[in-house]
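Undergrad: Have a look; sequence and predicted model below, questions after that.
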Amino acid sequence: MEMFNTFDLNFLLCLGIILTIFSIFYYIAAKKQTGAMAKIDESLKRQNQTNQQLGLILNELRRSTRLLSVLANIEPDETVETSLEALHEGEAQHKLYVGNIDYTATESELASYFARYGQVEFVNIPVNRYTGKARGFGFVTFVSKEDAERAMALHGTEFKGRQIQVNFAKERDSA
């Protein structure tokens, strides 16, 4: 009987040592994985910020191209201001505000969702400058006004589990 008790104690002691060693290795591996995931998250965050900055640059290049094309066709009695106003109004008619977007939605997913109604020129989902997370709304710019009007049919439809709101975008006051 005493032999079994010694055997049981030795077995339990060895089992305890093995479990302790396993726990230590598991803790180290989990810590390394957490660090790697944090680096990946930071890298994705930087990539998203870069993509958004590139999108803004692309948008500004498109606006500049439109402005230059408008300026090139100015009649002698027209002013630059009226041409700029016409350009600005034309762009606003192609741009849609999309509200109540799921916070995990990407610009490419939103573009794909709206692409069935026409050629999408540009998509922007603004992010909080401090957290880097989406703010729950976005903008979709179409090549033509007609495409944007057709896309208004998506108002009230479900996108990524949320009922979205679609309206023509209004320009923000500069003041």
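TA: Done, it's in.
Undergrad: Now the residue nearest the centre of the chain: closest residue in space that isn't a chain neighbour?
TA: Most central in the chain under CA atoms, centre = their mean is residue 106, positioned 3.9 Å from the mean C-alpha point. In this structure, residue 106 finds its nearest non-sequential neighbour in residue 125, 7.5 Å apart by CB to CB, 6 or more residues apart in numbering. C-beta coordinates here come from the backbone N, C-alpha and C atoms, glycine included.
Undergrad: wait, the one you found sits on residue 101?
TA: Yes. Residue 125 lies in contact with residue 101 (CB atoms under 8 Å); the separation is 6.6 Å.
Undergrad: how many neighbours does residue 162 have?
TA: Neighbours of residue 162 under the rule other CB atoms under 10 Å: 15.
Undergrad: ok, now which ones touch it?
TA: Contacts of residue 162 were listed using CB atoms under 8 Å, 6 or more residues apart in numbering, and they are 100-102.
Undergrad: next one: residue 20
TA: With CB under 8 Å, 6+ apart, residue 20 has no contacts at all.
Undergrad: what is the mean pLDDT for the helix or strand containing it?
TA: In this assignment (DSSP states H and E), residue 20 forms part of helix 2-72. Regarding helix 2-72, the rounded mean pLDDT is 83.
Undergrad: now stretch 103-116
TA: 94.
Undergrad: Start and end of it, how far apart?
TA: End-to-end distance for stretch 103-116, by CA to CA, to the nearest Å: 22 Å.
Undergrad: chain center to it, what's the gap?
TA: Computed by CA atoms, centre = their mean, to the nearest Å, the chain-centroid distance of stretch 103-116 equals 9 Å.
Undergrad: hmm, who's touching that stretch?
TA: With CB under 8 Å, 6+ apart as the criterion, stretch 103-116 contacts 51, 55, 96, 98, 101, 120, 123-125, 133-134, 136, 138, 140, 142, 151, 154, 159-160.
Undergrad: Pull out the buried positions in stretch 58-78.
TA: Across stretch 58-78, burial judged by 16 or more other CB atoms under 10 Å covers 59, 70.
Undergrad: list residues touching both of residue 125 and residue 101?
TA: Shared contacts of residue 125 and residue 101 (CB under 8 Å, 6+ apart): 110, 134, 137-138.
Undergrad: Report the buried members of those residues.
TA: Neighbour counting by 16+ other CB under 10 Å classes 110, 134, 138 among the shared contacts of residue 125 and residue 101 as buried.
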